[in-house]
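**Student:** Predicted model and sequence follow; I will ask about them next.
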Amino acid sequence: MDNLAEIKLAIANDNPILAYGKLEEQYIKEPTFEINRMLSKVALNLNKYDVAEELVSAMIDDYLREETDILFLIKVYCENMNYLELNLILSHMTLTKEMHKKIKVQIDYSMQQHTMEIKKNIKRFKYLGIGDMIEQNLALKAGKHIPMADFIKLGSQHLIDEDVHPLVRTTILEIFTQLGQQEVNFKWLDNKTYTCDLQIQKEKHLATETSIKKEITQKLAKNIQNEKILLEYVSIFSKIIFPYFSKVIPQTDVFVNGLINRLNGEKDDYISQNYWIKTIDELLLTLNY
């Protein structure tokens, strides 16, 4: 009897622990969608919700092809109370009215089953502005396990709260962007409140970031190590100043040359005198970057 046959027999004989162990071994040898699906179902049966979600997210495109797999995906994210991530996934899908109904039933049932946990998470997320950045990130993590309507309502308040760490605010802003939110008010790095259409501004921001990274890759084609360092720096820099890359860095070529000079240990007036670069570098120092 081959290993897959043994696994199916273990499942048929209601021995999920044996099936789980054998499926784990098989998945390492044969990481196919079939094995992934079997393993994630057994993991869910054993209340290993994080494992099941990790497996599903690793092959998410495969799970979005058939209705039965979509409904299983919904079940996994609901059992893990990961309503925010689930909404992000669903926001990129075209679903029939019937499918919408089935999904709503599943989500509503999950929220009824987890009423107390959801209330605790809402309270934790509501008071996100209290505490240091680590505590705020934990509160934000709790916020990902509440209904989307509550996340948007409370998140909108956090975006204009000066007690919320700038990096936490930009993370919430990015989530709002992914959720398709448009006009929002938010405090930016200068602690001034701005209003913008996130979807329009996102495109401008990403275009600038992409242009800078392309230029870095072209100029450091023969120095992979330095290229990797600068690309990582630009990614973090971009996250912090979202959604106003072009506002902070109007001259991308000067910025790229300055970063390369600094990395090579050379003095660069643009980098050393730019207010935003200094501000962000100081912020990164507090994060031990």
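**Tutor:** Okay, I see it. Numbering: from 1, shown residues only.
**Student:** Spatially nearest residue to I216 (excluding sequence neighbours)?
**Tutor:** L230 (5.0 Å; Cβ to Cβ, 6 or more residues apart in numbering). Any C-beta I mention is one placed from the backbone N, CA and C, and that applies to glycine too.
**Student:** Share the number of residues neighbouring the one you found, please.
**Tutor:** L230 has 23 neighbouring residues, counting by other Cβ atoms under 10 Å.
**Student:** low pLDDT regions in the chain?
**Tutor:** Residue ranges of the chain with pLDDT under 70: 1-14, 288-289.
**Student:** domain ranges for it?
**Tutor:** The chain resolves into domains spanning 3-83, 116-188, 200-286 when parsed by automatic domain parsing.
**Student:** Including distance to K102, could the ones you listed go into CSV?
**Tutor:** Shown next, in CSV, are the domains of the chain (distance: least, Cβ to Cβ, whole Å):
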stretch, distance to K102
domain 3-83, 6
domain 116-188, 18
domain 200-286, 31
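**Student:** now for those, which one comes closest to I89?
**Tutor:** Between I89 and the domains of the chain, the shortest separation by Cβ to Cβ is 7.0 Å, and it involves domain 3-83.
**Student:** CA atoms of the lengthiest helix in the chain as PDB?
**Tutor:** Criterion DSSP state H: the longest helix present in the chain is helix 198-219. Taking Å, rounded to 0.1, in the frame of the first residue of the first chain, the C-alpha atoms of helix 198-219 are listed here in PDB:
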ATOM      1  CA  LEU A 198      -6.400  56.600  -1.800                       C
ATOM      2  CA  GLN A 199      -6.900  54.700  -5.000                       C
ATOM      3  CA  ILE A 200      -5.600  57.500  -7.200                       C
ATOM      4  CA  GLN A 201      -2.800  58.400  -4.800                       C
ATOM      5  CA  LYS A 202      -1.800  54.800  -4.500                       C
ATOM      6  CA  GLU A 203      -1.100  54.600  -8.200                       C
ATOM      7  CA  LYS A 204       1.100  57.700  -8.100                       C
ATOM      8  CA  HIS A 205       3.000  56.400  -5.100                       C
ATOM      9  CA  LEU A 206       3.600  53.000  -6.500                       C
ATOM     10  CA  ALA A 207       4.700  54.500  -9.800                       C
ATOM     11  CA  THR A 208       7.400  56.500  -8.100                       C
ATOM     12  CA  GLU A 209       8.600  53.600  -6.000                       C
ATOM     13  CA  THR A 210       8.800  51.300  -9.000                       C
ATOM     14  CA  SER A 211      10.700  53.900 -11.000                       C
ATOM     15  CA  ILE A 212      13.300  54.300  -8.100                       C
ATOM     16  CA  LYS A 213      13.700  50.600  -7.700                       C
ATOM     17  CA  LYS A 214      14.200  50.100 -11.500                       C
ATOM     18  CA  GLU A 215      16.900  52.800 -11.500                       C
ATOM     19  CA  ILE A 216      18.700  51.200  -8.500                       C
ATOM     20  CA  THR A 217      18.700  47.800 -10.300                       C
ATOM     21  CA  GLN A 218      20.100  49.400 -13.400                       C
ATOM     22  CA  LYS A 219      22.900  51.200 -11.600                       C
END
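**Student:** for the helix or strand that it is followed by, the distance to its chain's centre please.
**Tutor:** Next along the chain after helix 198-219, taking DSSP states H and E as the criterion, comes helix 224-241. Chain-centre distance of helix 224-241: 18 Å, with Cα atoms, centre = their mean, to the nearest Å.
**Student:** Now the helix or strand just after helix 224-241: buried residues?
**Tutor:** Helices and strands here follow DSSP H and E; after helix 224-241, the next one along the chain is helix 245-248. For helix 245-248, the neighbour count (16 or more other Cβ atoms under 10 Å) marks 245-246, 248 as buried.
**Student:** and what of stretch 272-289?
**Tutor:** 274, 276-277, 279-280, 283.
**Student:** same check, this time on stretch 191-204
**Tutor:** Buried residues in stretch 191-204 (16+ other Cβ under 10 Å): 194, 196, 198, 201-202.
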